[in-house]
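Participant: Let me see the structure of the following:
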Amino acid sequence: MFENMRTRWQEARAARLREEFLDASRRMNSFSEENSEHFAKTLDYAFRHWITNHGPVNECAIEFRRSAVKELQSQAKQHFTSDIGRSYGLAVFSFHVEASFLPGEDARSVYDLTALVISKACELVQKVTKPI
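Facilitator: Sure, this is the predicted structure:
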């Protein structure tokens, strides 16, 4: 009984996470060039730092990922007024990490969409920083 309630709560959280991601995506479309650059660089750095230090996101312990999500969300809130691009980069990475341990189709959708955004951000940063 309690396991069923927990699963339903997690699926509800995944649905909410999907709405948060879609809302953030709509807002990111109106970023200035500078904010877009900060977003991509932050997302690229967060992902590369994670992979280097912890390995693939979905292979880390769930408790570690939960803790990381809280820290990423806290950092995103701290930067919201001073650097919106950086704030959204941290938020999108937190969506990615959180979606990795939630059940259901919404969580898989968020995980796949954030993986695509991360991939595109990393490609963009590589192109911009590539020496001529």
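
Participant: Show me the helices in this protein, by range?
Facilitator: For the chain, the helices defined by DSSP state H cover 2-28, 33-54, 62-79, 84-99, 105-129.

Participant: Tell me which of the ones you listed is the most buried.
Facilitator: Of all those, helix 84-99 has the most neighbours on average by mean count of other Cβ atoms under 10 Å, namely a mean of 25. Quick note: C-beta positions are derived from backbone N, CA and C, even for glycine.

Participant: Which other helices and strands does that helix contact?
Facilitator: Counting contacts by 3 or more Cβ pairs under 8 Å, 6 or more residues apart in numbering; DSSP states H and E, helix 84-99 packs against helix 2-28, helix 33-54, helix 62-79, helix 105-129.

Participant: what separates that helix from the chain centre, distance-wise?
Facilitator: When distances are taken as Cα atoms, centre = their mean, to the nearest Å, helix 84-99 is centred 3 Å away from the chain's centroid.

Participant: try stretch 58-73
Facilitator: With Cα atoms, centre = their mean, you get 11 Å for stretch 58-73.

Participant: now that stretch: mean pLDDT?
Facilitator: Mean pLDDT, computed over stretch 58-73, is 96.

Participant: What lies in contact with it?
Facilitator: For stretch 58-73, contacts defined as Cβ atoms under 8 Å, 6 or more residues apart in numbering pick out 46, 54, 57, 90, 91, 93, 94, 97, 98, 100, 101.
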